[in-house]
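Asker: take a look and give me a structure for this.
(one chain, ligands or ions: 1)
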Amino acid sequence: MEHKRNAILDLGNGEPPLEFPILAGTMGPEVVDIRTLYKRGRVFTYDPGFMSTASSSSSITFIDGDKGILLYRGYPIEQLAKQCDFMEVCYLLMNGELPNIAQKASFDKTIKDHTMVHEQLARFYTGFRRDAHPMAVMVGVVGALSAFYHDAMDISDAAHRELSAVRLVAKLPTITAMAYKYNIGQPFMYPRNNLNYAENFLHMMFATPAEEYRSNPVLARALDRILILHADHEQNASTSTVRLAGSTGANPFACISAGIACLWGPAHGGANEACLNMLEEIGDESRIGEYIARAKDPDDPFRLMGFGHRVYRNFDPRATLMRETCHEVLNELGLRDDRLFKLALKLEKIALEDEYFISKKLYPNVDFYSGIVQRALGIPVSMFTAIFTMARTVGWVAQWSEMIADPEYKIGRPRQLYTGAATRDVIPIASRL
Ligand code: SDX
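Answerer: Coordinates of the predicted model:
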């Protein structure tokens, strides 16, 4: 961080103005370092939703919302999605550099050595109703991992952090597929370490003990790309949740479980499920106008799922790549006339020509097409956010580990603007009106 100049703040209270350093990172907006504001000025800043707040410094992911740029450790998402596989991207996010051939092979083996879960973990699933939402299962089972790994829970030990990160990246596909198998009443399938990450997940999802299963390489590659596109995204709500939980010293499994719970919301990772349900509800191109009107109606809480983003005020580069993946998968499956895909293309076109969406800079986000691709892969709608969870786990553990390794990190404890009752005395109940 470079100290560029100072900001001057005059609080209008007759006291001399306060000076605060303006810091610059590698790219993106500079920040005003206000860490001493309350101590010196006895005031807080006020920023609900953190629209103008940098909660941390990080070297992992960079987003330029105006230009539609997304970089993982400096590499454009477009290049990573086309030239790398998810394991390379995991290595990059966790270690800061892309692996060479030997490093990739070693990392692959390390992950594969941890793909199985403790046999007793399977018993946690039977406590859920078969029709439990997979995200309820994911929150519970991932949190329960804390009970199994007492051998590496000292978060101040870099080796323990690394092992926990590897365990989480390796076991999330197994846990996710188990949630699906439990939901449909089929036996759990063990991981197969002769398969790559995406192929192994498809195997655990769709294979049965009754017959051989081989995934379609085009579909496995499409899933691998979905995982890359969802791997990390700066300080989004669920990553901020993981960091805040981690700042208390909570174990990494509990922190990731908290992140899963946050991602579940329809305004965040739950949007891909909500988007596909919305497309099914719209049903036909003739009804698009009705839903666009509802999205624009200030008195109607309905929002166009898969549109808009807190940061992107231009195209979400992931949405563009996801649309390409959609074309590839639907062509491979002979579904180019897929009803929902054609509906989504039409909805996108109409929305992007509508003044409301143009003026508010509302573009399709990563969730707009991901549901259509996943549905074409045979993944049920209720599993979409669980797939997002599986992908984002590497981003969460990379951000968590970066924070814990930062000697400056402190427990996160925001303050508030209090608008409640002023101090008053309790009246005995007998005297209350
Ligand atoms: C993800 O943060 C991340 O990086 C998240 C994510 C990641 O990888 O981690 O990218 C993943 O969560 C993508 C976003 C998925 N969510 C959705 O698709 C749900 C629909 N989108 C919205 O709910 C909304 O756009 C948000 C939540 C994504 C962003 O909301 P903001 O930044 O708080 O913006 P806002 O709600 O203040 O909206 C600004 C204006 C409002 O109108 P006015 O009050 O100014 O009149 O735009 C309108 C909103 O009503 N608006 C929409 C809209 N999104 C915003 N109107 C209709 N449809 C929409 N989808």
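Asker: switch to C-alpha atoms for all contacts and neighbour counts from now on
Answerer: Noted.
Asker: elements contacting the longest helix anywhere in the chain?
Answerer: Using DSSP state H to define each element, the chain has its longest helix at helix 158-184. In terms of contact count using 3 or more CA pairs under 8 Å, 6 or more residues apart in numbering; DSSP states H and E, helix 158-184 is assigned the packing partners helix 101-112, helix 134-144, helix 197-206, helix 252-263, helix 384-405.
Asker: now those in CSV, with mean pLDDT and distance to the ligand?
Answerer: What follows is the helices and strands packed on helix 158-184, written out as CSV (pLDDT from 0 to 100; distance: least, CA to the nearest ligand atom, whole Å):
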stretch, mean pLDDT, distance to the ligand
helix 101-112, 98, 24
helix 134-144, 97, 15
helix 197-206, 98, 20
helix 252-263, 98, 8
helix 384-405, 97, 8
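Asker: tell me how many other residues surround whichever residue of the stretch 1-150 of the chain sits closest to the ligand.
Answerer: Residue nearest to the ligand within the stretch 1-150 of the chain: residue 49 (7.4 Å; CA to the nearest ligand atom). For residue 49, the neighbour count with other CA atoms under 10 Å is 9.
Asker: quick one: it from residue 240, how far?
Answerer: Separation of residue 49 from residue 240 (CA to CA, to the nearest Å) stands at 11 Å.
Asker: residue 209: how many residues sit nearby?
Answerer: Residue 209: 11 surrounding residues under other CA under 10 Å.
Asker: so who does it touch?
Answerer: When contacts are counted by CA atoms under 8 Å, 6 or more residues apart in numbering, residue 209 is found next to 187, 189.
Asker: still on that earlier bit, and the longest helix of the chain, what's its mean pLDDT?
Answerer: Model confidence over helix 158-184 averages 97 on the pLDDT scale.
Asker: could you do stretch 64-76 as well?
Answerer: If you average the pLDDT values across stretch 64-76, you get 96.
Asker: contacts for it next, please.
Answerer: Among residues not part of stretch 64-76, those counted as contacts by CA under 8 Å, 6+ apart are 28, 59-63, 77, 92-93, 96-97, 232-233, 311-317.
Asker: going along the chain, name the strands of the protein.
Answerer: Using DSSP state E, the strands of the chain run over 2-9, 18-24, 31-32, 61-64, 69-72, 75-76.
Asker: among these, which is nearest residue 391?
Answerer: Nearest of those to residue 391, taken as CA to CA: strand 69-72 at 14.0 Å.
Asker: so how far is the closest one off the chain centroid?
Answerer: A distance of 15 Å separates the C-alpha centroid of strand 69-72 from that of its chain, computed with CA atoms, centre = their mean, to the nearest Å.
Asker: for it, buried residues please.
Answerer: For strand 69-72, a neighbour-count test (16 or more other CA atoms under 10 Å) marks 69, 70, 71, 72 as buried.
Asker: is the second one in a bridge, and if so with what?
Answerer: On the basis of DSSP bridges, residue 70 is bridged to residue 63.
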